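Q: Fold the following and give me the result.
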Amino acid sequence: GSGVADIPASSVRADLRRLLVQWAVNHSVLFEETAPGRAELSASSPDELALVAGAEHLGLELLERDLDAGCLVIRDKAAGVTARVEVLEVFPYVSSRKRMTTIARVPPELLESGAPAEGLVCVFTKGADSVVLERLAHPSADPAATEA
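A: Predicted structure coming up:
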């Protein structure tokens, strides 16, 4: 059959890893100084903060966001590795688009094993399911695409 049981475990691990990297990278969370020498994560929405906190809970911790340099510093807690993610472009969430997209160069240290040594340029999108799901539809699922 064609079900979840037919998907190789390595493929599932790779997909889950990319999802976790998306949570750690595709957001507008900033660090806000709450006291001298103490900073806390600050977000415009609780959903944004929850995704970054979820990534940290599952092993990818946001350590720094450098807006001037266009990069994030993320620590893989399990591997004990800290990596710099280059943010190439951000399309912020706006109510008319109902989604946010970040294009980033993700180093191999944060990707699944076997990733290219130079890392990958990834496009991460999140948003309202009604908007995102219609953009994920397979072209052959569109009746107009099959008409001559």
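Q: just the helices in the protein please.
A: 9-25, 46-57, 129-136, 143-146 (DSSP state H).
Q: can you give me the offset of the longest one from its chain's centre?
A: Between the centre of helix 9-25 and the centre of its host chain there is 9 Å, according to C-alpha atoms, centre = their mean, to the nearest Å.
Q: what mean pLDDT does that helix have?
A: Taken as a whole, helix 9-25 carries a mean pLDDT of 89.
Q: Check which residues of it are buried.
A: Residues 14, 17-18, 20-25 are the ones in helix 9-25 that count as buried (16 or more other C-beta atoms under 10 Å). Bear in mind the C-beta positions are built from the backbone N, C-alpha and C, glycine included.
Q: With stretch 92-108 instead?
A: Those buried within stretch 92-108 under the rule 16+ other C-beta under 10 Å are 93, 100-104, 106-107.
Q: Quickly note the distance from residue 54 to residue 48.
A: Separation of residue 54 from residue 48 (C-beta to C-beta, to the nearest Å): 11 Å.
Q: between these two, who's got more neighbours?
A: residue 48 (21 against 14; other C-beta atoms under 10 Å).
Q: Provide a list of residues in contact with residue 9.
A: For residue 9, the contact set (C-beta atoms under 8 Å, 6 or more residues apart in numbering) is empty.
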